[in-house]
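Peer 1: Quick one, structure for this:
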Amino acid sequence: MSIKTAERAELREYLATAKAIAWDTCHKIYVLMDDEQVALMREYGYGDENDPDSLITSAQMTPKQMSATITKWFDSACLLRFISAVRTNPSDPNEGFTSIIPQNF
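Peer 2: Below is the predicted model:
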């Protein structure tokens, strides 16, 4: 399954203001919407010396390049793949997730 046109349009809307993108090299793909989320993903090990390409910032790529990278990740991901936009919500961290492409069981 490839990214559908409507999903791609929504993804591009988020990428226009995203701070970074990240993936776990298996199925979790994130569009990080603020600096706090970028820092948190770095704490989790995304973008570290073992896998520097698993976190890419908006300083490294344009939104169009990030879209192409996410497409590549999505096409390489396992069947549990999903794409979520994530922004910091101090009162309830779970409320910070917005599904762009949900997991397809």
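
Peer 1: part of a strand, is residue 98?
Peer 2: Yes: the assignment for residue 98 is a strand, going by DSSP: H, G, I helix; E, B strand; the rest coil.

Peer 1: That one contacts residue 89, doesn't it?
Peer 2: No: the pair residue 98 and residue 89 fails to qualify as a contact (C-beta atoms under 8 Å) at a distance of 10.6 Å. Using the backbone N, CA and C atoms, a C-beta is placed for each residue, glycine as well.

Peer 1: Could you report the neighbour count for residue 19?
Peer 2: Number of residues near residue 19 (other C-beta atoms under 10 Å) recorded here: 17.

Peer 1: which residues does it contact?
Peer 2: Contacts here follow C-beta atoms under 8 Å, 6 or more residues apart in numbering; on that basis residue 19 touches 32-35, 37-38, 57-58.

Peer 1: how near is the most centrally placed residue in the chain to residue 84?
Peer 2: Centroid-nearest residue in the chain: residue 30, 2.1 Å away (criterion: C-alpha atoms, centre = their mean). Distance, residue 30 to residue 84, by C-beta to C-beta, to the nearest Å: 6 Å.

Peer 1: now do residue 2
Peer 2: 18 Å.

Peer 1: which of these two has more neighbours?
Peer 2: residue 84 (18 against 9).

Peer 1: quick one: which helix or strand includes the more buried one?
Peer 2: If you go by DSSP states H and E, residue 84 is part of strand 82-86.

Peer 1: Just the buried positions in the lengthiest helix in the chain, please.
Peer 2: Ranked by residue count under DSSP state H, the longest helix found in the chain is helix 63-76. For helix 63-76, the buried set under the neighbour-count rule, 16 or more other C-beta atoms under 10 Å, comprises 63, 66-67, 69-70, 73-74.

Peer 1: and it with strand 82-86, angle?
Peer 2: 140 degrees (axes from the mean of the first three to the mean of the last three C-alpha atoms, to 10 degrees).

Peer 1: Can I get helix 63-76 as PDB, trimmed to CA atoms?
Peer 2: C-alpha atoms of helix 63-76 as PDB (Å, rounded to 0.1, in the frame of the first residue of the first chain):
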ATOM      1  CA  PRO A  63       9.100  20.000   3.400                       C
ATOM      2  CA  LYS A  64       9.100  18.500  -0.100                       C
ATOM      3  CA  GLN A  65      12.300  16.500   0.700                       C
ATOM      4  CA  MET A  66      10.800  15.400   4.000                       C
ATOM      5  CA  SER A  67       7.700  14.200   2.100                       C
ATOM      6  CA  ALA A  68       9.800  12.100  -0.300                       C
ATOM      7  CA  THR A  69      11.800  10.700   2.700                       C
ATOM      8  CA  ILE A  70       8.600   9.700   4.500                       C
ATOM      9  CA  THR A  71       7.300   8.100   1.400                       C
ATOM     10  CA  LYS A  72      10.500   6.000   1.200                       C
ATOM     11  CA  TRP A  73      10.300   5.100   4.900                       C
ATOM     12  CA  PHE A  74       6.600   4.200   4.500                       C
ATOM     13  CA  ASP A  75       7.300   2.000   1.500                       C
ATOM     14  CA  SER A  76      10.100   0.200   3.400                       C
END
